Every structure is written in structure tokens, then in C-alpha cells.
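> Quick one, what's the 3D model for this:
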Amino acid sequence: MKKNLFVISALLFSMFSASAIKHSVQDLKQTETTLEFSQKSPDAAFNYYFYEALRLKQLQKYDSVLYCLGKCEDIYPMNPQIHFEKARVNVTYNRLPDAMKEIETAIKLDSTETSYIDMAMNLSYEMKDLPKAIHYAEKIHALRPDKNYYLMTLASLYGENRQAKEALRTLDELEKQVGMSLDITKYKFANWISGFHDTKKAIAEYDKLIAAYPAEPEYITAKADAYSYLGDLRNVEKTLKNGLKKMPDSGVMRYEICMFYIAKKRNLKKVDKYLDPVLESRDIEYEQKMAVPATLWLDSTSRYLVTETRLRKLIDMYPHESSTYALLVDYLSTNGRTEEAYNLIEKSLEADPYQEDMWNTLILKYAVDNNLPLAEEKLKKAAGYFPNNSDFAYRLGRLYYLKGDSVNGEPYLRKAAEIAKPTDIYLASGILGEIGDINMAMGDTTKAMSVYEEALALNPNAVSVLNNYAYMLAVKGIDLDKAERMSGKTVSVDPNSAVFLDTYAWVYFKKGDYQMALLYIEQALAKVSNDNAELLEHYGDILYKTGNVEKAREEWNKALVTCEKMKIKPSGNLQKKATTGVYVE
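Numbers count the residues shown, from 1 in each chain. Model (predicted):
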């Protein structure tokens, strides 16, 4: 049984957080002297403190609430409401033993107030004292035998405490009051099994329910579920078949027996027999119905039962339901009919444009085909339907940059960052970092620096932003101390990154500290294979500045070979250095 079976009463949880700001008790003491309580009647003093306690509770000033209630108790120690309120405050502070002590005092003073007993019952349960919870549940049931909730609570407590006989007796009493129901039957079944291991009497509870309501397929399927719980698949099948015999037109019964053959018996011939009636039935919810072909499609041995004809019939029945379109798209794609699948996606989006996955599939298709105009068109539509989807805005921005249109590209990337910012500052910072990278590549150093600063304001530890910002400063030869700090931070976070180590080496190179540069460039090269032309060129530059001219020229030539191997056009400076053996700035 789930631990959240009992709903703690509204009285118990009509409290505020115990972390609230405390009120100064000293302020209350000062107020007392001005009111000259010694000259007032006890009733006036009690009323003042009690209503002050209620007012302070609304302000979440719980130390002062307890102070006022203590004053009330001094005046009228036999008033149970004082102890009830003190119990509630202690619950707020999660001082459950103290709360129990106060509420039990309240019950001794007034043993007929159900709200006190209700709190004691729930507190006992929270403190895992089942016998005491049962004691209070019995007490409150005796006071309020008309309250069905307390009967069900009592039965549940009996069951959890392994008192099956008492639980069944209580459930019988509840059944007499409210009539038979599936919930009560399930509880009775569980107690017959757990308490007596009597499967015959446990199943008999379902038989009584079915006899009382013979036209309810839900009760027959519940009996089948009970047999399934017992591991008795033969009787599961028998129960479902008998149910279908009694109700041959019941879509629910057809669905259940179809799913039984899929899940338990793996009898695909019988699944095929029941599948069309299930899919064509109007008394089965769409989501439940779609579970059948979706389950069959996931298994390669049963996938053959999911036919195009069956799926198109479902689309005709439910033209605005996207799940059927999605399954048919998978079907067509699997069978090599890709173009038909994409045409179907278009049709599906006409029926329901609020399908992110479908838009993603369509956009990816046009991107792979390098059909940028159609990719742009679909991205714009998708972004319109999902204005809070940062991914659509981001990809649209990247697409514009790919087309060389930075005027339209940057606003979409910024929009993506703004969408992400409230829930994911790391993503927002990363997107802003990309805007910085793009501006750096376009030669706009000032703007790149500004955007990098924005990104780091959101996430000062964004290592990719720190690295690229530091590298740009090093390349430009500006603010090299700042570049050293940023690059050093990335290396401390990830000392195994060849990219970060290369940047750190290049910062030191630009600062003229060639020995430190050599230390870090060699660490960077140790992390990667010799197919990184940029690292090899940097290594040659650093070797040259440390006086190892011959080795420098060797590394520059390695860089040239790597460019050729990777089909990268080498820079003019690299070609000059490799040819002449002389460093070129």
C-alpha cells in the first residue's frame, strides 16, 4: 500500500513554513506592560493572547504564537483549543513528538472533538506508530460512523498492520453503507491474499461484484488482472474469453484480450484476429487504442501486423490525431518510402501543427538535403507555433549565418538565449558565446568582446566562452593579463583538454614567456594525435622563439602535410615559414 494513502487533514497542514522570520517576543512583553493586564479580567487577557496568536500565525511568526498560547494556557489550562493550536505550530516546526503530546492533552480535555482525534490519527501514522493510529481511527469511527472516509482509512490501517480479519470486517461494513465498488473489492482481495493466502475467497470478491454489475466490462477485466497478479494466465484468458462471450460487442473486452495475447501469450495469430475489431471500435479511447499498434511496432516479430491499411483507417477515423501519422511515417520510412513519409508529415502538421517532433524531422530532412529555403520556411513556421522553443530560434539564427545573413541571424540567436535564460543560464550563456565567436570570425573584435562579457555575466564558469575569449585576446595581442586569467581557469577545470592547453600556450607566447608557452603546447600535443595543423604550427612558432629553429621548421612542414591530408587550405604565413624556416608574424 502506498504511503500517501492517508490525506493529512486540512487542519493539520493549514500552516506556513517554519523557516518564516521570527517575531520578537520582547515586543509582546513590552505591549503587556502598556495594557496593564493585572487590572484586566482573565477573559480579556485570554482573548487578547489567543487572537494575537491567530494573527501572528498568519504572519508566520511562530515563536510569538507559542508565547501567546503559553500565556493562554497559564490563564485557562483546561482549554483544549490551546493545545490543539500548539500542536499545529509544532507540526509546522516538524516537532512531531511535541505535537502529539499537545494533541493528546487536547483529547483528554475533550474526547468528542473529531478534529483533535483526526490530527492524532494522522500524526501517529506519520510517526509510524500504526497501533496508535488504529486506536484513534477506531475512536473517530465510533464518534462518526456515518463518515465513510474514516471506515476506509481504518480498513487501510488494519491491512497495513497485517490485521486482515479486522480489515475485511471493516470493508464489509463499508460495503453495507455505500454498496459494492471496485476499490473496496480490490482491498478485500488484497487482504484475503496477504492475510489468509486464500485465492479462492479473494477471487470470489470479484465474482460477487460481477454478479451485481454484469454489464460492466471493467469489473471482468479487473478479475482478469487479479488472476494475472496471481500468475494464473490460464484463468486470465478464460475470464477474458467468458467476458467477451457475454459482451461480444464490447470494444473494451476486445482490447483487453488483444493486449493479453500481445503481452502474456505472444499468440500473434489471435492478436491478428482481434486487432481490426479493436481498431475499429468506437468505445475505446484513442490513446488506449493506439497502444496496440504502437506496442506491436516496437517488436520486430509482431511488426508485420501493423499494416498501412490499418494505419490509414485510423487516420480516417481520427484525422486530427498526430500519433497515427507518426507511426505511419515510421512505417513508410522503414519500407523505403521516404518521400511519401515526408509528404505525410506535411499532412500531419496541417492536421495538428503543434507537433515539435514532426517539425524537427521535417527541418532535419531539408537541412540534410541542403534545401535551405525550405528549411528556413519550416523553421519560421515552427518558431511561430512554438515561440518559447529556444531550439527553433537557435537553428533559425544559425541558418541565417550560414547564408551570410548576420542581420537576421543574430536576433534569432539572441531570442534563443532570452528564451533559455529563465530556466537554463548555461544554455543561454553558451548561445551568447556563439554570437561572440561569430563576431570574432567576422573580424568585429569590439562586438565580440561585448557579447563574451554578456555570456560570462550569466555564467562566469563557461569554459568554452572563457577559452574563445582568451584566444581572441591573445590573437589580437590585447589585455593579455585578462586572457591569461581566463585561459588558466579553463585549464584548471579541464587539464586534459588539448584546445584549452593550446590557448594557454598561445597566451604565454603572445606575452613573450616562451618557456611557459613551450610547456603547455607540448602538454596539448601529448593529448592528441599529430593531425592538428593549428597545434603543430603553434608548436613550430614557439620552438622558433626558444631558439630551436631546425625543429621549428620540421613542425611547420608537419602542419603543411596535415593540411593536405585533411584537405585544408594552409595559410600563406604557414607556407612561408615552412619554405624559409623563418618565423612570420
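> how about the helices in the stretch 351-500 of the chain?
Along the stretch 351-500 of the chain, counting by DSSP state H, counting those that start in this stretch, helices occupy 356-368, 372-385, 390-402, 406-420, 425-441, 445-458, 463-476, 480-493, 498-511.
> what's next to the last one, contact-wise?
What that stands for is helix 498-511. Here helix 498-511 makes contact (CB atoms under 8 Å, 6 or more residues apart in numbering) with 463, 467, 470-471, 473-475, 477, 480, 483-484, 487-488, 490-491, 493-495, 514, 516-521, 523-525, 527-528, 532, 534-535, 538, 541-542, 545. For the C-beta atoms, the positions are set from N, CA and C on the backbone; glycine is no exception.
> now those residues: which count as buried?
Neighbour counting over those (16 or more other CB atoms under 10 Å) leaves 463, 467, 470-471, 473-474, 480, 483-484, 487-488, 490-491, 514, 516-518, 520-521, 523-525, 527, 532, 534-535, 538, 541-542, 545 as the buried ones.
> same question for stretch 358-371, mean pLDDT?
The pLDDT scores in stretch 358-371 average 85.
> Return the most buried member of the helices of the stretch 351-500 of the chain.
Mean neighbour count, computed with mean count of other CB atoms under 10 Å, is highest for helix 498-511 among the helices of the stretch 351-500 of the chain, reaching a mean of 24.
> any idea of the angle it forms with helix 463-476?
What separates the directions of helix 498-511 and helix 463-476 is an angle of 30 degrees, with axes from the mean of the first three to the mean of the last three CA atoms, to 10 degrees.
> For helix 498-511, C-alpha coordinates in CSV please.
Output in CSV follows, covering the C-alpha atoms of helix 498-511 (Å, rounded to 0.1, in the frame of the first residue of the first chain):
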residue,chain,number,x,y,z
ALA,A,498,44.3,20.0,-25.9
VAL,A,499,42.2,23.0,-27.0
PHE,A,500,42.4,24.8,-23.6
LEU,A,501,46.1,23.9,-23.3
ASP,A,502,46.9,25.3,-26.8
THR,A,503,45.1,28.6,-25.9
TYR,A,504,47.0,28.9,-22.7
ALA,A,505,50.3,28.3,-24.5
TRP,A,506,49.4,30.9,-27.1
VAL,A,507,48.6,33.5,-24.4
TYR,A,508,52.1,32.9,-22.9
PHE,A,509,53.6,33.1,-26.4
LYS,A,510,52.0,36.5,-27.0
LYS,A,511,53.2,37.7,-23.6
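> Outside of the helix or strand following it itself, list whatever touches it.
Heading C-terminal from helix 498-511, the first helix or strand you meet, by DSSP states H and E, is helix 514-526. Surrounding helix 514-526, the residues in contact under the criterion CB under 8 Å, 6+ apart are 491, 498-499, 501-502, 504-506, 508-509, 535-536, 538-539, 542-543, 545-546.
> Apart from its chain neighbours, what residue comes closest to Asn224?
Wrong residue type there; residue 224 is Ala, not Asn. Once its chain neighbours are removed from consideration, Ala224 has its nearest residue in Thr239; the separation is 4.4 Å (CB to CB, 6 or more residues apart in numbering).
> What is the neighbour count of that neighbour?
By the criterion of other CB atoms under 10 Å, Thr239 has 26 neighbours.
> try the one 5 residues further on
Burial of Leu244 is recorded as 19 neighbouring residues (other CB under 10 Å).
> wait, it sits on Arg254?
Yes. In this structure Leu244 lies within contact range of Arg254 using CB atoms under 8 Å: 6.7 Å.
> tell me the pLDDT at the closest residue to Glu484 other than its chain neighbours?
On the basis of CB to CB, 6+ apart, the spatially nearest residue to Glu484 that is not a chain neighbour turns out to be Val507, at 5.2 Å. Reading off the per-residue confidence, Val507 sits at a pLDDT of 96.
> try Phe37
You'll see Phe37 listed with a pLDDT of 49.
> what do you get for the one 10 residues further on?
According to the predicted model, the pLDDT of Asn47 comes to 83.
> again with the one 5 residues further on
You'll see Glu52 listed with a pLDDT of 84.
> now swap in Asn4 and tell me
According to the model's per-residue confidence, Asn4 sits at a pLDDT of 32.
> hang on, Asp110 packs against Tyr116?
Yes. With the criterion set as CB under 8 Å, Asp110 and Tyr116 qualify as a contacting pair; they are 6.7 Å apart.
> who has more neighbours, the two?
Between Asp110 and Tyr116, counting by other CB under 10 Å, Tyr116 is the more crowded of the two (27 against 16).
> which residues does that one contact?
Under the criterion of CB under 8 Å, 6+ apart, the contact list for Tyr116 reads 80, 84, 103, 106-107, 110.
> which of those residues lies closest to Met259?
Among the contacts of Tyr116, Ile103 lies closest to Met259 (CB to CB), at 48.9 Å.
> what's the closest non-adjacent residue to the closest one?
If the residues on either side of it in the chain are set aside, Ile103 comes closest to Ala87, at 4.1 Å by CB to CB, 6+ apart.
> Just the local confidence number for the spatially most central residue of the chain, please.
Note on the chain: the residue nearest the mean C-alpha position is Thr423, at 12.8 Å, using CA atoms, centre = their mean. We note a pLDDT of 92 for Thr423 in this prediction.
> still on that earlier bit, now for Asp110 and Tyr116: what residues contact both?
With CB under 8 Å, 6+ apart as the test, Asp110 and Tyr116 both reach Pro80.
> so Ser280 makes contact with Lys313?
To be clear, residue 280 is Glu; Ser isn't right here. Yes. Using CB under 8 Å, Glu280 is in contact with Lys313, at 7.2 Å.
> now the nearest residue to Pro495 once chain neighbours are set aside: how far from Ser492?
Take Pro495 and drop its neighbours on the chain: the residue closest to it by CB to CB, 6+ apart is Leu501, 7.7 Å away. Here Leu501 is placed at a distance of 11 Å from Ser492 (CB to CB, to the nearest Å).
> re the thing from before, may I see the helices of the stretch 351-500 of the chain arranged in TSV, with distance to Ala578 as well?
Written out in TSV, the entries for the helices of the stretch 351-500 of the chain read as follows (distance: least, CB to CB, whole Å):
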stretch	distance to Ala578
helix 356-368	38
helix 372-385	38
helix 390-402	32
helix 406-420	34
helix 425-441	25
helix 445-458	28
helix 463-476	20
helix 480-493	27
helix 498-511	18
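> Please identify which of these is closest to Leu130.
Comparing those by their distance to Leu130 (CB to CB), the top pick is helix 425-441, with 46.6 Å.
> who touches that closest one?
Under the criterion CB under 8 Å, 6+ apart, residues 390, 394, 401, 406, 409-410, 413-414, 416-418, 420-421, 445, 447-449, 451-452, 454-456, 458-459, 462, 464-465, 468-469, 472 lie in contact with helix 425-441.
> now stretch 193-212
Contacting residues not belonging to stretch 193-212 are listed as 159, 162-165, 167-168, 180-182, 185, 188-189, 192, 216, 219-220, 222-223, 226-227, 230 [CB under 8 Å, 6+ apart].
> Show me which of those residues are buried.
When burial is judged by neighbour count using 16+ other CB under 10 Å, the buried members of these are 159, 163-164, 167-168, 180, 185, 188-189, 192, 219-220, 222-223, 226-227.
> Show me the two of these that sit farthest apart.
Gln163 and Ile220, at 30.5 Å, using CB to CB across the buried ones among the contacts of stretch 193-212.
> Next up, phi/psi of Pro387, please.
Per-residue torsions, Pro387: phi -60, psi -20 (degrees, to the nearest 10).
> contacting residues for it?
Neighbour list for Pro387: empty [criterion: CB under 8 Å, 6+ apart].
> for Gly488, same thing?
Taking CB under 8 Å, 6+ apart as the definition of contact, the neighbours of Gly488 are Tyr504.
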